[in-house]
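1. Sharing a model prediction with you, sequence too.
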Amino acid sequence: MQKINKLGDFSGLAKNYSKYRVGYSETVLNILVNSLSKPITEIDFLDVGAGTGIWTRMVNQKSTKSSIAIEPNLDMFSEGSNISSDNKDGILWINASAEDTQRPSESADWLTMASSFHWTNFEKATEEFHRVLKKDGLFTALWNPRFINSNPILINIENFLKELKPDMQRVSSGSSGMTATLMEKLNESKFFDNVFYLESIHIERITPERYLGLWKSVNDIQVQLGEYKFNEFLNFIIKSTKNLEYLDAEYKTRSWSCKKI
């Protein structure tokens, strides 16, 4: 397993990310599509920080006019563009960042960041999104954090993680960090208004192999634990789930959307 040294650097994680990460709530997606200023078939869609394209493909399957994925990490970009090439899904992939999308001004109707907005410079990114969006364009930031309160096995695994690193700081959790103040920050932004929030819970039935793979795709925990403790954590997961056929994991898609001023 490749050693991960830097927060936000997903190099070496793309295969696991693509293979094991779960998707987002179809309910939230459908409500967002119905919130757009025109039919989805007329929407030029731009997904920034697209990773390997999990959310990008969910939106693209709604029959957008065009779909573009922006991803700064070369490993994630290569994995995502290869999937699109194999599937012939029509998604255009561009190796660029949230702060500099390399897209023309007023070229997108809907711009999203799925599980990635926390890695950006907020002011520079929102200024860039304002430039790229068309009049009445919509910006959406969303995450799909996992909730464990109803599953004692998952609670036990999370408690072991806390034992390994009591001061663990979850950078990318959609239930903490920047999301705690995101509504206020977007409302105060000079680039956007009409902020609205959506959330929906869905259940993913996953195998122990996939559950282990999900943890292998997480950047911030690997960086903070270090290689030795992270391997100890993975071994604990293997022992905890070895007799299970599957786990029912609860995910909550949380989205914040706002219109271009």
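-> Thanks, I have the structure now. Numbers count the residues shown, from 1 in each chain.
2. Name the SS class of N235, please.
-> helix (DSSP: H, G, I helix; E, B strand; the rest coil).
3. any idea how far L111 is from it?
-> 41 Å (CB to CB, to the nearest Å). (C-beta placed from N, C-alpha, C; glycine too.)
4. and if you look at P39?
-> From P39 to L111 the distance is 18 Å (CB to CB).
5. returning to what we had before: so for N235 and L111, which residue has more residues nearby?
-> Neighbour tally, N235 and L111, criterion other CB atoms under 10 Å: the higher count belongs to L111, 28 against 11.
6. that's a strand at that one, yeah?
-> Yes - applying three-state DSSP, one finds L111 inside a strand.
7. shouldn't it be in contact with A141?
-> No - in this structure L111 lies outside contact range of A141 using CB atoms under 8 Å: 9.7 Å.
8. Just after the helix or strand where D136 lies, pick out the following helix or strand.
-> Assigned by DSSP states H and E, D136 falls within strand 133-143. For strand 133-143, the succeeding helix or strand toward the C-terminus, using DSSP H and E, is strand 146-147.
9. State the next helix or strand along the chain beyond that next one.
-> Using DSSP H and E, the helix or strand that directly follows strand 146-147 along the chain is helix 152-164.
10. What is the next helix or strand after that next one packed up against?
-> Next helix or strand after helix 152-164 toward the C-terminus (DSSP H and E): helix 182-188. Applying 3 or more CB pairs under 8 Å, 6 or more residues apart in numbering; DSSP states H and E, we find helix 182-188 packed against strand 192-206, strand 247-260.
11. same question for helix 182-188, mean pLDDT?
-> The average of the pLDDT scores along helix 182-188 is 96.
12. go on, stretch 106-115?
-> 97.
13. CA-only coordinates of that stretch in CSV, if you can.
-> What follows is stretch 106-115, C-alpha atoms only, in CSV (Å, rounded to 0.1, in the frame of the first residue of the first chain):
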residue,chain,number,x,y,z
GLU,A,106,-20.7,32.3,-18.1
SER,A,107,-20.3,28.9,-19.6
ALA,A,108,-22.1,26.7,-16.9
ASP,A,109,-25.7,26.6,-15.8
TRP,A,110,-25.0,24.3,-12.8
LEU,A,111,-21.6,24.0,-11.0
THR,A,112,-21.2,21.5,-8.2
MET,A,113,-18.5,20.2,-5.8
ALA,A,114,-19.2,16.8,-4.3
SER,A,115,-17.2,15.9,-1.2
